[in-house]
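Novice: Quick one: sequence plus predicted model below, questions after.
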Amino acid sequence: MHQELSPQIDFSSVFNLSNETPEEKDMKRQSVIVNLFSGRKPVCLHFPTTACTKIFDLKQIIFNRMLIDPEEQQFYTLAGKWLNDSVQVFESDDVEFMTLNLKLRLSGGKGGFGSMLRAQGGKMASQKTTNFEACRDLNGRRLRTVNEAKRLADHLEQEPERRRVRKERVLKKIEEGMAEHPTKKIRFDDTEYLKASEEMKEKIHVAVFEAMSKKSNSTVSSSSTTNNSKALSLWDVVESGSDSSEDDASDTDSGD
């Protein structure tokens, strides 16, 4: 609900001071400078000291001049303090002028952030940080820069020791590579594998022996067959020769 305007304020005198009477001109006034948004020029408003001016009254004046809804208006001090509608603009009659900033109310976002914080139960505030490197020391230097300089100095100081250790490691590897390694005696305890390998060797020897014996028998039989054929052929030649000689002899006898 909107609040009612203060009855002591004459809004016609706020906008137009040229029509004031001499008595009104001699009356002591208080001024309010309102800084607007979006680069607009500020507005200066004058109020009599007898009027009890509130923030809601300023909103009504801005509404009459710029047609901005009072619910969308928000007044802040130069320090950034938000002023409620029921707050008085001037704390006392001795204040001559007051400077305020006018901003428009922005539409809300997705929401749910407050419920998320309540669900966490203050866990975010309980998490204390231990990284203070972004802070500065008494000389104005960042602690991050000071710590990096210390680490660099320590690294350079330990560089000769690292080189010596690296050189010793390389020499040790060279000596180990040039040394003769003793032969290692490997003991094989898989008896089943040994037994199977022995049986396989025996089977191979038997198979080779049988194959060789069959080959030798076939060679002997073929050689004997060849000799018999040769003998028979020679015997046939001899017999055929004797028969022919006998025939020749009989022929000679008959001729005689």
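Specialist: All right, it came through fine.

Novice: Does Ser86 lie in a helix or a strand, and which?
Specialist: Under the criterion DSSP states H and E, no helix or strand holds Ser86.

Novice: Wait, it touches Asp57, no?
Specialist: No: the criterion here is CB atoms under 8 Å, and Ser86 misses it with Asp57 at 10.7 Å. (C-beta placed from N, C-alpha, C; glycine too.)

Novice: Which one of those two is surrounded by more residues?
Specialist: Each of Ser86 and Asp57 has its neighbours counted (other CB atoms under 10 Å); Asp57 has more, 25 against 9.

Novice: Go through the helix or strand harbouring that one and flag the buried ones.
Specialist: Using DSSP H and E, Asp57 sits in helix 55-66. Across helix 55-66, burial judged by 16 or more other CB atoms under 10 Å covers 55-62.

Novice: Flag every buried residue along the next helix or strand after that helix.
Specialist: Heading C-terminal from helix 55-66, the first helix or strand you meet, by DSSP H and E, is strand 73-76. Buried residues in strand 73-76, defined by neighbour count with 16+ other CB under 10 Å: 73, 75.

Novice: Direction included, what does the helix or strand that strand 73-76 is followed by pair against?
Specialist: As assigned by DSSP H and E, the chain's next helix or strand after strand 73-76 is strand 82-83. Counting by DSSP bridges, the strands paired with strand 82-83 are strand 73-76 (antiparallel).

Novice: Restricting to C-alpha, output the strand it pairs with in CSV.
Specialist: Output of strand 73-76 as CSV, limited to C-alpha atoms (Å, rounded to 0.1, in the frame of the first residue of the first chain):
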residue,chain,number,x,y,z
GLN,A,73,12.3,3.8,-7.3
GLN,A,74,15.1,3.2,-4.8
PHE,A,75,16.9,6.0,-3.0
TYR,A,76,20.5,5.6,-1.7
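
Novice: Count the residues that sit near Gly39.
Specialist: Neighbourhood size, Gly39 [other CB under 10 Å]: 5.

Novice: now Thr50
Specialist: As a burial measure, Thr50 scores 11 neighbours (other CB under 10 Å).

Novice: Give the helix, strand or coil label for it.
Specialist: Three-state call for Thr50 (DSSP: H, G, I helix; E, B strand; the rest coil): coil.

Novice: Then Glu91?
Specialist: Under three-state DSSP, Glu91 falls in the coil class.

Novice: Arg162 sits in which helix or strand?
Specialist: Take DSSP H and E as the rule and Arg162 turns out to sit in helix 159-178.

Novice: Give me the helix or strand of this structure that scores worst on average pLDDT.
Specialist: Lowest on mean pLDDT, DSSP states H and E among the helices and strands of the chain sits helix 11-15, with a mean of 43.

Novice: For Phe47, state which of the buried residues of helix 55-66 is nearest.
Specialist: Checking those against Phe47 by CB to CB gives Asp57 as the nearest, at 8.3 Å.
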